[in-house]
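> need a structure here:
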Amino acid sequence: MKTKLYTLSLITMLALNKIGFGQTTGLTIYQPNFATQQAGWTTNGNASFGTVNSATALILNPSAGNQGGSAFWNQKITLSTNGSFSAFFTYQIDQNNSRADGFTFTMQQAGTTALGSTGQNLGIYGISGTSISVEFDTYQNGGDPDNNHIALDLNGNTTHSTGVVASIPKFTLDLADANLKYVWIDYNGATKSFQVRVSNSNSRPATATLSTTSYNLSTMFSSPNVYVGFTGATGGAYERHSISSFYFTPQYSPITTTTNAYAQNPLSVTMTSSNTTVNDDGKTLLPITITLLDAGGAPLANQPVSVSVTSGQGTLSILSGTTNSSGQLVDNLSTTKIGTMTVTGVAGYGGLSVSNNYTGISTLPILISGFTGQAQNSEAVLSFDITSVDNGKEVVILRSADGYNFDSIGVLTVNSQLSLLGQHTYDDQSPLAGKNYYRLELGNMDGTASYSNIVGVTFAQNATTSNITILGNPLTSELRLSGITGEKGMVVIYDAMGRIMQEASTQGVTGVLSIACNSLPRGQYFAKVIQNNASQTLPFVKL
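Coordinates of the predicted model:
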């Protein structure tokens, strides 16, 4: 008994491999039903999505008189160079009232809102530009062979003065008997063979229902980019036309759902990460998430994705995989080099890709040497060498009057790798009277910081206060300082909180220096005059 079971299992496995279900093919449009990707379609006129036989379908028109509707895939589809394509869909015509008029599968270039007139025109007559349609006609109008035929219609002409017509005996297949029908439409641009097959079952017939080699789609359209979809219409008599499923690929590759597995090509591929930098220690991992979405914005699960570093030097944890239930593949990037890397993700179905740049940064801290300070006239000149900025973010210059409580008076920012290497100077143009203490705060990208040694620079405190006075205090719009000698120096205006509000140079001014103060709010201020290594602070009030 065990031997028989094992033999049966082996035969089953061999059979499944033989019919090809082990491999999935991506399609430009994959709609086994219309419960998903509805946002990927534009419906016009009386077309809508609704329930037909307990499943969500694309209803081209309801069962009522003089109705017309169309639905087209929002994305233009680029056909093969020779115009080849393959399509498969299922449809149902029900709620019959004297059966009329029919529906079409249509490729056109007018746009997603294209819709022609109703009745015998089947919603295609009046669509501008070039179009080719396969009609499924259930009403005998002038020029029709009967009320159960299919035909190729060019540029919306349903009179069959052009095109190819194939009448179908009702006893073999009734287009409008309310049962599900299966349709295969294939165009082989290499042989210019256009074939349509219609069946009562999901078994692709060996013989085509309609076949012609009269058309060259590669020259018929002005470009290979077309809109693909359906139209439907009724007249005085009517019926409901609905599409239950639809598969399409812009190449000649007949679609057989009984022997092959298919999936939707992604309409969106994105790559995201928490940041765009990764440490060069070779151990830090930066998670990178690649997300695949369909035309309706829904995640595509179980889809193959390949990932690679296409420029620069970096390492990925995996080079290929499949998306999870959220349509995501998570990879990890590491590097041992400083510099830019490009990571590219490619969807296995359809080949849509996305690339992002990432930067390897060093984990070494910012380093300095030779920090000194000296008085030059009325300024404190600080000098230092930056020897490493691999992981550096900024150098903050700190000043203190007592050597314990430091405040920031300037910042040097690392704009890019190696941009701050070498000798640097910083001029404190408004030092404090007496001894000034300076040190440097060395900030790193990882949030850590270190500090330099402290240097001191001393300035005289005995400024000649009797020489400089304020003319007109309180003042309204202008601060006028009398007694300026013309030497190089600065006037710094502080508010009552000690914040610098304005600065002005004394160089070249002899006698009275005027400083516009219109922008200062009303309040108490201090003007600090620095000249000849001495400073003088004068209070004033702005009205």
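> in stretch 211-220, what's buried?
Buried residues in stretch 211-220, counting neighbours by 16 or more other C-beta atoms under 10 Å, are found at 215, 217, 218. To be clear about C-beta, it is placed using only N, CA and C from the backbone, and glycine gets the same treatment.
> would you confirm that the second one contacts residue 189?
If I follow you right, that is residue 217. Yes: here residue 217 lies in contact with residue 189, judged by C-beta atoms under 8 Å, at a distance of 6.4 Å.
> give me the common contacts of these two.
Common neighbours of residue 217 and residue 189 (criterion: C-beta atoms under 8 Å, 6 or more residues apart in numbering): 82, 83, 84.
> phi, psi of the residue nearest to residue 220 when sequence neighbours are not counted?
Spatial nearest neighbour of residue 220, chain neighbours left out: residue 130 (6.1 Å); criterion: C-beta to C-beta, 6 or more residues apart in numbering. Here is the backbone geometry of residue 130 (degrees, to the nearest 10): phi -80, psi 140.
> so how many other residues sit close to residue 130?
Around residue 130 there are 18 other residues, counting by other C-beta atoms under 10 Å.
> picking that back up, neighbour-wise, which of the shared contacts of residue 217 and residue 189 leads?
For these, neighbours tallied by other C-beta under 10 Å; top is residue 83, 25 neighbours.
> residue contacts, that one?
With contacts defined as C-beta under 8 Å, 6+ apart, residue 83 is in contact with 187, 189, 216, 217, 218, 220, 221, 224.
> okay, those residues in CSV with pLDDT next?
As requested, these are arranged in CSV below (pLDDT from 0 to 100):
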residue, pLDDT
187, 98
189, 97
216, 96
217, 96
218, 94
220, 94
221, 95
224, 95
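> nearest residue to residue 236 in space, please, no chain neighbours.
Nearest residue to residue 236, sequence neighbours excluded (C-beta to C-beta, 6+ apart): residue 65, at 5.9 Å.
> in this structure the one you found contacts residue 119, no?
No: under the criterion of C-beta under 8 Å, residue 65 makes no contact with residue 119, lying 9.5 Å away.
> please say which of those two ends up with more neighbours.
Higher neighbour count among residue 65 and residue 119: residue 119, with 21 against 13, using other C-beta under 10 Å.
> how far away is the more buried one from residue 331?
Separation of residue 119 from residue 331 (C-beta to C-beta, to the nearest Å) stands at 56 Å.
> swap in residue 165?
55 Å.
> name the residue in the two with the higher neighbour count.
In terms of neighbours (other C-beta under 10 Å), residue 331 is the more surrounded of residue 165 and residue 331; the figures are 22 against 17.
> in what helix or strand does the more buried one lie?
strand 328-334 (DSSP states H and E).
> by contact count, what packs against that strand?
In terms of contacts (3 or more C-beta pairs under 8 Å, 6 or more residues apart in numbering; DSSP states H and E), strand 328-334 is packed against strand 286-293, strand 304-311, strand 315-316, strand 320-322, strand 339-347.
> ok now the third one, how far from the chain's centre?
By that I understand strand 315-316. Strand 315-316 sits 23 Å away from the centroid of its parent chain (C-alpha atoms, centre = their mean, to the nearest Å).
> I'd say residue 332 and residue 316 touch.
Yes: taking C-beta under 8 Å as the definition, residue 332 is a contact partner of residue 316 at 6.9 Å.
> tell me the bridge partners for residue 167.
For residue 167, the beta-bridge partners under DSSP bridges are residue 149.
> ok, now residue 426?
Here residue 426 sits in beta bridges with residue 382, as judged by DSSP bridges.
> that one and residue 410 touch, don't they?
Yes: here residue 426 reaches residue 410: they are 5.9 Å apart, a contact under C-beta under 8 Å.
> still on that earlier bit, do you know which of the helices and strands packed on strand 328-334 lies nearest residue 267?
With C-beta to C-beta as the criterion, residue 267 lies closest to strand 286-293 of those, at 6.4 Å.
> tell me the mean pLDDT for the closest one?
Mean pLDDT, strand 286-293: 97.
> now it, how far from the centre of its chain.
Using C-alpha atoms, centre = their mean, the offset of strand 286-293 from its chain centre is 12 Å.
> heads up, I number from 301, so please use that
Sure thing, new numbering starts at 301, so read that last one as strand 586-593.
> tell me the helices and strands packed up against it.
strand 568-572, strand 604-611, strand 628-634, strand 639-647, strand 653-661.
> how about those strands in TSV, adding distance to residue 359 and mean pLDDT?
Below are these laid out as TSV (distance: least, C-beta to C-beta, whole Å; pLDDT from 0 to 100):
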stretch	distance to residue 359	mean pLDDT
strand 568-572	27	97
strand 604-611	34	96
strand 628-634	34	97
strand 639-647	31	95
strand 653-661	36	93
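> how about TSV for those, with distance to residue 682 added?
Output for the helices and strands packed on strand 586-593, formatted as TSV (distance: least, C-beta to C-beta, whole Å):
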stretch	distance to residue 682
strand 568-572	43
strand 604-611	41
strand 628-634	39
strand 639-647	32
strand 653-661	27
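> now the helices for the chain?
For the chain, the helices defined by DSSP state H occupy 302-319, 517-520.
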